[in-house]
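1. Could you look at this predicted model? Sequence included:
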Amino acid sequence: MSFSQHLVLWLHVAFVIFTIGPVTLAIMSTPRYIRKRDLRILRYLTRMTFIFAVASLGVLLAGYALASMISTAGKPWITASATLFVVTIVLLGLINRDQRRAIKALEAGVAAAATPTGASQAPGAEAAGGEAGGGQVPADQPPGGQAADGPAGAGDSAPGTRPHQAGEPAMAIPEQVASVERGRIAMIGGVTTLIWLVILVLMVWNS
């Protein structure tokens, strides 16, 4: 091989080491940090996945350039390897999309947890308190202050329980979405790693 061929070969190997390795690490680490709800690390892993997925195109370009230089570009195993690599690029795009969806779901869960549960009921409660403080009693209410159709504590417990029940789905749905995205990332990441191993076997077997 000539010097230029060796140069392209080493460039190809460098792209493999410095792009495939980091993006695989980022993908495999994402489900664990989704489970931990660590948004700071998740944002970092998402950026890392996108940057190294784009940079991994250098593996394909350098490999095809080397195959053209040594007149093996038309070989079936070269065509199969290039096709499989394009498939992995598409899968990396899907993984990055799922990472962003998981981050949005976790952010929505944090926002729902931080929102006071009784905030939406506060105006009504104040209005009810104002009426009670004004001494206005309905005509059909007994003098003892109890409603005719229930105990005295029934009306007081309802405002406290309804916001909690209404807030539970808002917190549960984002958690479910993040869990689904975690499973998708793990599955697609495993398929991507398997395809890369197949490409590596094809390269080593036919080199």
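-> Sure, I can see it.
2. mind listing the helices for this protein?
-> 3-15, 21-36, 39-55, 57-69, 76-114, 122-133, 152-206 (DSSP state H).
3. Pull the distance from stretch 3-11 to the chain's centre.
-> In terms of Cα atoms, centre = their mean, to the nearest Å, the centre of stretch 3-11 is found 38 Å from the chain centre.
4. err, stretch 44-57, not the other one
-> Using Cα atoms, centre = their mean, the offset of stretch 44-57 from its chain centre is 15 Å.
5. Give me the buried positions along it.
-> Across stretch 44-57, burial judged by 16 or more other Cβ atoms under 10 Å covers Leu45, Thr46, Met48, Thr49, Phe50, Phe52, Ala53, Ser56. Every residue, glycine included, has its C-beta placed from N, CA and C.
6. need the contact list for the residue nearest to Leu9 when sequence neighbours are not counted.
-> Closest residue to Leu9 in three dimensions, ignoring its sequence neighbours and counting by Cβ to Cβ, 6 or more residues apart in numbering: Leu66, at 5.7 Å. By Cβ atoms under 8 Å, 6 or more residues apart in numbering, the contact list for Leu66 reads Gln5, Val8, Leu9, His12.
7. between those, which has the most around it?
-> Greatest neighbour count in the contacts of Leu66, by other Cβ atoms under 10 Å, goes to Val8: 22 neighbours.
8. Does it touch Ala65 like I think?
-> Yes. Counting by Cβ atoms under 8 Å, Ala65 is a contact partner of Val8 at 5.4 Å.
9. Can you report how many residues neighbour Met1?
-> Neighbours of Met1 under the rule other Cβ under 10 Å: 11.
10. before we move on, what about Arg35?
-> Per other Cβ under 10 Å, the neighbour tally for Arg35 reads 11.
11. For it, give me its contacts.
-> Arg182.
12. Likewise for Ala65?
-> Counting by Cβ under 8 Å, 6+ apart, Ala65 has contacts Val8.
13. ok, now the one 5 residues further on?
-> By Cβ under 8 Å, 6+ apart, the contact list for Ile70 reads Met1, Gln5.
14. got the phi/psi numbers for it?
-> Main-chain dihedrals, Ile70, degrees, to the nearest 10: phi -100, psi 10.
15. That one and Gly63, how far apart?
-> In this view, Ile70 and Gly63 are 11 Å apart by Cβ to Cβ, to the nearest Å.
16. Buried ones in stretch 60-78, by neighbour count?
-> Under the neighbour-count criterion of 16+ other Cβ under 10 Å, stretch 60-78 has Leu60, Ala62, Gly63, Tyr64, Ala65, Leu66, Ala67, Trp77, Ile78 buried.
17. quick one: which of these is nearest to Arg184?
-> Leu60 (24.5 Å; Cβ to Cβ).
18. what about that closest one, distance to Arg182?
-> Distance from Leu60 to Arg182, by Cβ to Cβ: 29 Å.
19. Backbone dihedrals for Thr72, both of them.
-> Torsion angles, degrees, to the nearest 10, at Thr72: phi -120, psi 10.
20. Pull up the gap between the residue nearest to it when sequence neighbours are not counted and Val110, please.
-> Leaving aside its sequence neighbours, Thr72 sits nearest to Ile78 (Cβ to Cβ, 6+ apart; 5.8 Å). Counting by Cβ to Cβ, the separation of Ile78 from Val110 is 48 Å.
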